[in-house]
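[1] heads up, no residue letters with this:
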């Protein structure tokens with residue numbers, strides 16, 4: 001499913017997704033609130049992932065999202081190595097490469113204007 005992301009590693013662009021729920025991720029450094037997004041699509045509407053997890057940043061926290069709300073954001077496509085859960089065959093690698101979105105910014109509900117796109121002056125006004 002993430003083949004579309006594999007083609008864009010290192011590139012930044014606009015994406016949209018459906019917020020599902022928050023969760024908790026814990027590791028050696030402590031606990032962090034995470035966000036589950038599903039039906040992740042690019043600017044052309046092509047589905048790039050069926051689901052993704054993000055660490056909840058300030059922008060997502062301030063939106064106070066409700067389940068099944070659509071959001072838009074900018075993100076960078078990255079790759080990482082994860083454990084192969086189906087690793088039983090010695091011929092299969094125990095770690096596999098997967099793709100994700102990192103550094104989300106400009107997070108907003110779908111349909112809301114991006115603050116960076118607001119004009120400083122009304123287009124009809126003269127200086």
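    Great, that's in hand. Please read all numbers here as calculations on a predicted model, not as lab measurements. Numbers count the residues shown, from 1 in each chain.

[2] how about the strands in this structure?
    12-27, 30-42, 47-55, 70-83, 95-109 (DSSP state E).

[3] Now do the last one and strand 70-83, the angle between them.
    Using axes from the mean of the first three to the mean of the last three Cα atoms, to 10 degrees, the inter-axis angle of strand 95-109 relative to strand 70-83 is 160 degrees.

[4] Same list (the strands of the chain) but as JSON lines, adding mean neighbour count.
    Placement of C-beta: from N, CA and C, glycine included. Formatted as JSON lines, the strands of the chain follow (neighbours: other Cβ atoms under 10 Å):
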{"stretch": "strand 12-27", "mean neighbour count": "15"}
{"stretch": "strand 30-42", "mean neighbour count": "16"}
{"stretch": "strand 47-55", "mean neighbour count": "17"}
{"stretch": "strand 70-83", "mean neighbour count": "16"}
{"stretch": "strand 95-109", "mean neighbour count": "15"}
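
[5] For residue 5, which of these is the nearest?
    Closest approach to residue 5 among those is made by strand 95-109 (3.7 Å; Cβ to Cβ).
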